[in-house]
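Enquirer: return atomic coordinates for the entry below.
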Amino acid sequence: MKGLTEDHLATLRRHMVEVIDIEYELTGDDTSRPRMDERLRGAMLSLPRHLFVPPQLGALAYQDRPLPIGFDKTISQPFMSALMIDLLDLRPGDRVLEVGTGLGYQTALLADLAGEVWSVDVVEEFVVAAAQRLRSLDKTNVTLRVGDGSRGWPDQAPFDAILVSAAAKEMPSTLAGQLEVGGRMVLPIGDKGAQKLTRVERTSDDEVAAAEVMLVQFTELETGP
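Expert: Numbers count the residues shown, from 1 in each chain. Next up is the predicted model:
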């Protein structure tokens with residue numbers, strides 16, 4: 001942002017993470033995550049979130065709130081981004097699918113924590129903008145494409161983790177089917193106004209286990225033709 005030094009920006013990121021820490025403590029009984037993963041904390045402290053919001057909203061980038069990014073979409077509240085990624089229990093080397101690239105903030109966090117990331121968004125303008133931002137930050141372990149995220153990315157499956165940044169009305173069996181055994185998926189499930197953040201784990205070739213985490217509000221998962 002114009003007029004701010006790197007030290008100023010680092011201070012804003014640090015304050016953002018401190019606020020997220022408070023959210024973790026307040027919701028820990030529901031989420032079973034009273035503290036943020038340390039690798040994730042490091043990624044959030046270093047990643048310039050203001051680069052992933054529209055320029056006119058840069059001054060709001062480090063507030064703990066969602067922001068509009070166009071096409072009736074938002075970049076998630078930083079706490080929600082952190083919690084959803086945290087629930088994936090990512091390990092170095094994991095293969096991750098992201099459904100809903102947006103402008104690429106969560107994509108960049110995933111790239112810092114996992115081995116390879118495939119991210120798909122139905123909005124072509126988002127994919128183009130995210131690619132530019134990720135390239136400028138040298139996130140070379142990310143592959144993007146435009147498409148119907150509800151179909152996943154079959155030719156790259158199975159994945160160790162899947163992050164879905166929009167609400168499915170019910171368990172998306174196609175996406176669940178692209179999880180490796182032991183793989184984790186985090187997504188909101190439910191109709192508008194009654195969505196629950198859900199953690200899904202593939203327990204065998206034929207079964208998944210789902211655990212509801214907390215009430216949330218997301219835009220609906222769009223499907224393509």
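
Enquirer: for this protein, longest strand please?
Expert: Using DSSP state E, we find that the single longest strand of the chain is strand 179-189.

Enquirer: which elements pack onto it?
Expert: For strand 179-189, the packing partners by 3 or more C-beta pairs under 8 Å, 6 or more residues apart in numbering; DSSP states H and E come out as helix 78-87, strand 159-164, helix 173-176, strand 195-202. All C-beta spots, glycine's among them, are computed from the backbone N, C-alpha and C.

Enquirer: packing partners for the shortest one?
Expert: Counting contacts by 3+ C-beta pairs under 8 Å, 6+ apart, helix 173-176 packs against strand 179-189.

Enquirer: could you report the distance from residue 82 to residue 21?
Expert: 10 Å (C-beta to C-beta, to the nearest Å).

Enquirer: joint contacts of the two?
Expert: residue 36 (C-beta atoms under 8 Å, 6 or more residues apart in numbering).

Enquirer: with neighbour numbers in mind, choose between the two.
Expert: Neighbour count, other C-beta atoms under 10 Å: between residue 82 and residue 21, residue 82 has more, with 27 against 16.

Enquirer: and the closest residue to the more buried one other than its chain neighbours, what does it touch?
Expert: Nearest residue to residue 82 in three dimensions, chain neighbours excluded: residue 20, at 5.4 Å (C-beta to C-beta, 6 or more residues apart in numbering). Residue 20 is in contact with 36, 44, 64, 78-79, 82, counting by C-beta under 8 Å, 6+ apart.

Enquirer: neighbour-wise, which one of these leads?
Expert: Going by other C-beta under 10 Å, residue 82 tops the contacts of residue 20 with 27 neighbours.
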